[in-house]
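J.: Everything below, folded, please.
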Amino acid sequence: MSNQLDPLSNPLNIQIIQAIDHLDLPIMQKHHLRILAHCLQILKIITAENRSESSDENSLKEWCDNQSRKFDDKKFSKLFYEQLELTAKKLSTFSQKIGKDIENLDIDDLVLLVQQT
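T.: Model (predicted):
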């Protein structure tokens with residue numbers, strides 16, 4: 001089994017993961033940072049996919065439903081959606097606080113957010 005990440009199944013690339021691992025942060029903050037970075041990448045993917053369509057407030061829910069079909073697990077979709085929605089709100093509030101669009105947040109911004117919580 002390869003220890004390389006499948007880029008199609010993981011929105012974070014290996015460089016971001018390694019950059020987080022090399023930060024001088026406690027392990028729990030690194031874990032929190034990886035989760036935030038993963039969610040941010042998902043939100044960016046959803047935004048990019050929906051640029052050609054009219055902005056639909058249900059795009060996050062639809063994306064989660066599509067992901068859950070891969071596992072044939074409707075409970076997964078509901079839980080995943082709830083978690084992504086909460087994280088999206090947290091990232092949106094933070095991005096407004098620092099004067100950036102959520103799509104322009106980067107790893108340094110997420111580090112700041114993690115250190116504040």
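J.: from the chain's centre, how far out does the least confident helix or strand in the chain by mean pLDDT sit?
T.: Least confident helix or strand, the chain: helix 59-69 with a mean of 85, by mean pLDDT, DSSP states H and E. Distance of helix 59-69 from the chain centroid (CA atoms, centre = their mean, to the nearest Å) equals 14 Å.
J.: helices or strands next to it in the packing?
T.: With contacts taken as 3 or more CB pairs under 8 Å, 6 or more residues apart in numbering; DSSP states H and E, helix 59-69 sits against helix 27-50, helix 74-98. For the C-beta atoms, the positions are set from N, CA and C on the backbone; glycine is no exception.
J.: Pull out the buried positions in it.
T.: 59-61, 63-65, 67-68 (16 or more other CB atoms under 10 Å).
J.: Please report how far the residue nearest the centre of the chain lies from D72.
T.: Taking CA atoms, centre = their mean, the centroid of the chain lies closest to C39, which sits 1.0 Å from it. Applying CB to CB, to the nearest Å, the value for C39 to D72 is 23 Å.
J.: Skip the chain neighbours and tell me the closest residue to I45.
T.: Of all residues beyond its chain neighbours, the one nearest I45 is P11 (6.2 Å), with distances taken as CB to CB, 6 or more residues apart in numbering.
J.: give the contact list for the one you found.
T.: Neighbouring residues of P11 by CB atoms under 8 Å, 6 or more residues apart in numbering: 38, 41-42, 45.
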